[in-house]
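Enquirer: fold the stuff below for me.
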Amino acid sequence: MRIDVISRREDLDRLKQNWDELYRADPDAQYYLSWQFISAFFRYFEGQWFVLAASQGTRSSPYVALMPLRMKTRMNRKAGISYHDVHMGGSNFADYTGAVCAPEFARAAMAAFAKHLRKMHWANLHLNNLCMSSGRLRSFLENLEDKQLTMRTLSMINAKDNVDNAKCPSVDLPETWDAYLEQKLGTNMRQKLRRFLRKVDGSEEFRITLADSATIERDVGILLDFWKNRWGARKGNRLSAILNTHRSVFGSALADGSLFLPVLWHRDRPLGALATFTDPVKKTYYFCMAGRDESAEIVPPGLVLHAYSIRHAIANGYWTYDFMRGDEAYKYTFGASDKLITCKLVQTRTRRNLGDRLDPRALSSIFREANKNHQKGHTAEAENAYRQILDTDPAHAQTLYALGQLLAGKGDHQAAAAAFGKLLVVVPHLAKGWVRLGNALQALDNHADAADAFRKALEIQPDIRSARDGLGISMVKLSQTGIAATTPRPEGDVRVKAPPLLGKAKPPTLPLVVGRQPADVAPSSLKQSVAIIDPAHCNSGTLPSNPPSFRPSRMNKDGSNGIALLNPSR
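Expert: As a prediction, the model looks like this:
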């Protein structure tokens, strides 16, 4: 089974038809795995999400399974390394996660997903709220077993109120409201629902409104205010993010027709609100959030709004009312029964990424953070990050340039020259790179090679003053040693002659991330150097006729070859 990794918005958009077909066919699929939810939710995580896509046969074959995931990069400041956490796609919002699968390929696909994840670079895999059949779950978890990994089950019991969030009550709905009252409820609850709904239905003082495009901002505001008053203190500094995420998700759900949000009023006073996602494919109402006026004693807002929503679901031909995570007692009074979800945490034993490498998709964001540390003078942290990036992508031009700057700044000019030499194999037409190489060689009193580097910079950009000044200084030094400016230079590429000491630079205060150690003895001559990137260009005396192209993904918005300058004026 072939696994593709989808990580671009345009590719996700092209998946819609394939995704919808799998969703309709998959008995395990639920709203939080629908294309409409995932495609909207991923907009809040651009650059962090990806989808594992399994197919049989050629690349033109439709996918038989899709697993949405997210990746977050974190820093172990004590060890001085970055690492990745992988989360299920809807995590931090979705009560259920998993994958959409063609039923006949489900187990094979889940096994293939697990095997692919073991080949990726991460330190923690958070399998929160997995909602899938036991066979699929077993295939997935068994194929995650590895001697490099540990796996443990996470307790989902909330210690403050003893609610078990691994239990998810739901009600199978009969065809009529009367049948629901008779078949699902006890006598006392049946009488309550009839009494309170009659009070609301036939009253001029009470009314229930449904959120629409004209009232969505008001109604969501009412709901979130009530919810915040009840639960905000528990959420601490996460509260603002939780409220903003729900506000955005509710807006998207209203736009695609999947939000059902009734508000209960007494005259002009809101008493409560309840948000539910409706899924016409799975014929299910998914309760998401409720809030009520805690001081209201006229009617019980929560009971009325759940009863109203269940009646509405039955009237519209839905089969299930899902109360979602948490075994709060009130849910069972509506006739609910449990299903279980699974929460696991898979970790590397070393707490470092598998393969001791970074995920290539994260390099740009890690570089930006490293560059910020560099600018702030946190050079040890910056150097560690730069080296981690280069361990994953040795030709990452921005990082080679920045690391060269950093090494030169701390006086390690041999290693700086090595970094700039590698850079110029990747981007040979970068004038500032040649200037930097010339400066490093000049600091090593290698004025002949420095002069060559400055000349190359002037060939590319004749008006670059720093190259003219550097060339002048080196020419003076050469004349003082009796070497005429017109003396023929031996054949050879100055980039190749740059000392190969990048991996032997003096270590920063923090531990080096890949175990590099400083060299005990440096090469006695630059001519002991070896080729930096491409052995085919070693000692050729010429630039490669087809130099390695610079990846557009690394280019800055200003088109500057993707090289981030700490000080653009230098």
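Enquirer: quick check, Leu274 in a strand?
Expert: Yes. Checked against DSSP: H, G, I helix; E, B strand; the rest coil, Leu274 lies within a strand.
Enquirer: quick thing: my sequence starts at 48, can you match it?
Expert: Right, with 48 as the first residue, what we last looked at is Leu321.
Enquirer: burial check on it, number of neighbours?
Expert: By other CB atoms under 10 Å, 25 other residues sit near Leu321. Placement of C-beta: from N, CA and C, glycine included.
Enquirer: which residues does it form a beta bridge with?
Expert: On the basis of DSSP bridges, Leu321 is bridged to Ala337.
Enquirer: that one contacts Val351, correct?
Expert: No. Assessed by CB atoms under 8 Å, Leu321 is found out of contact with Val351, at 9.3 Å.
Enquirer: wait, what's in contact with the closest residue to Ala141 other than its chain neighbours?
Expert: What sits nearest to Ala141 in space, not counting adjacent residues and going by CB to CB, 6 or more residues apart in numbering, is Tyr79, at 3.7 Å. Tyr79 makes contacts with Ile85, Gly137, Phe140, Ala141, Asp142, Tyr143, Thr144, Tyr333, as judged by CB atoms under 8 Å, 6 or more residues apart in numbering.
Enquirer: need those residues in a markdown table (columns: secondary structure, neighbour count and distance to Pro115).
Expert: Converted to a markdown table, the contacts of Tyr79 look like this (DSSP: H, G, I helix; E, B strand; the rest coil; neighbours: other CB atoms under 10 Å; distance: CB to CB, whole Å):
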| residue | secondary structure | neighbour count | distance to Pro115 |
| --- | --- | --- | --- |
| Ile85 | helix | 21 | 5 |
| Gly137 | coil | 23 | 7 |
| Phe140 | coil | 17 | 12 |
| Ala141 | coil | 26 | 10 |
| Asp142 | coil | 22 | 15 |
| Tyr143 | coil | 24 | 12 |
| Thr144 | strand | 27 | 8 |
| Tyr333 | strand | 25 | 17 |
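Enquirer: what's the spacing between the residue nearest to Ala141 and Gln422?
Expert: Distance from Tyr79 to Gln422, counting by CB to CB, to the nearest Å: 40 Å.
Enquirer: what do you get for Ala487?
Expert: Distance, Ala487 to Gln422, using CB to CB: 20 Å.
Enquirer: compare those two and say which is more crowded by neighbours.
Expert: The neighbour comparison of Ala487 against Gln422 (other CB under 10 Å) goes to Ala487, with 28 against 12.
Enquirer: ok now the stretch of helix or strand that one belongs to, how far from the chain's centre?
Expert: For Ala487, the enclosing helix or strand under DSSP states H and E is helix 478-490. Distance of helix 478-490 from its chain centroid, counting by CA atoms, centre = their mean, to the nearest Å, is 37 Å.
Enquirer: and it, what does it pack onto?
Expert: Judged by 3 or more CB pairs under 8 Å, 6 or more residues apart in numbering; DSSP states H and E, helix 478-490 is in contact with helix 444-456, helix 460-473, helix 494-507, helix 512-527, helix 541-544.
Enquirer: which of these has the lowest mean pLDDT?
Expert: Mean pLDDT is lowest for helix 541-544 among the helices and strands packed on helix 478-490, at a mean of 62.
Enquirer: list the buried ones in the helix or strand harbouring Ala155?
Expert: Secondary structure assignment for Ala155, by DSSP H and E: helix 153-166. Of all the residues in helix 153-166, those buried under the rule 16 or more other CB atoms under 10 Å are Ala153, Arg154, Ala155, Ala156, Met157, Ala158, Ala159, Phe160, Ala161, His163, Leu164, Arg165.
Enquirer: next one: stretch 478-490
Expert: Across stretch 478-490, burial judged by 16+ other CB under 10 Å covers 478-490.
Enquirer: got it, and stretch 61-68?
Expert: Buried residues in stretch 61-68 (16+ other CB under 10 Å): Leu62, Asn65, Trp66.
Enquirer: Ala258 and Leu301 touch, don't they?
Expert: Yes. Applying CB under 8 Å as the test, Ala258 and Leu301 come out as touching, 6.5 Å apart.
Enquirer: before we move on, the earlier item: including pLDDT, could the buried residues of stretch 61-68 go into CSV?
Expert: CSV is the format used below for those (pLDDT from 0 to 100):
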residue, pLDDT
Leu62, 96
Asn65, 98
Trp66, 99
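Enquirer: nearest to Gly233 among the residues you listed?
Expert: Set against Gly233, the nearest of the buried residues of stretch 61-68 by CB to CB is Trp66 (41.4 Å).
Enquirer: could you measure from Arg408 over to Ala449?
Expert: Taking CB to CB, one finds Arg408 at 19 Å from Ala449.
Enquirer: who's more crowded, the two?
Expert: Ranked by neighbour count (other CB under 10 Å), Arg408 and Ala449 place Ala449 first, with 27 against 18.
Enquirer: wait, the more buried one sits on Asn418?
Expert: Yes. Ala449 lies in contact with Asn418 (CB under 8 Å); the separation is 6.0 Å.
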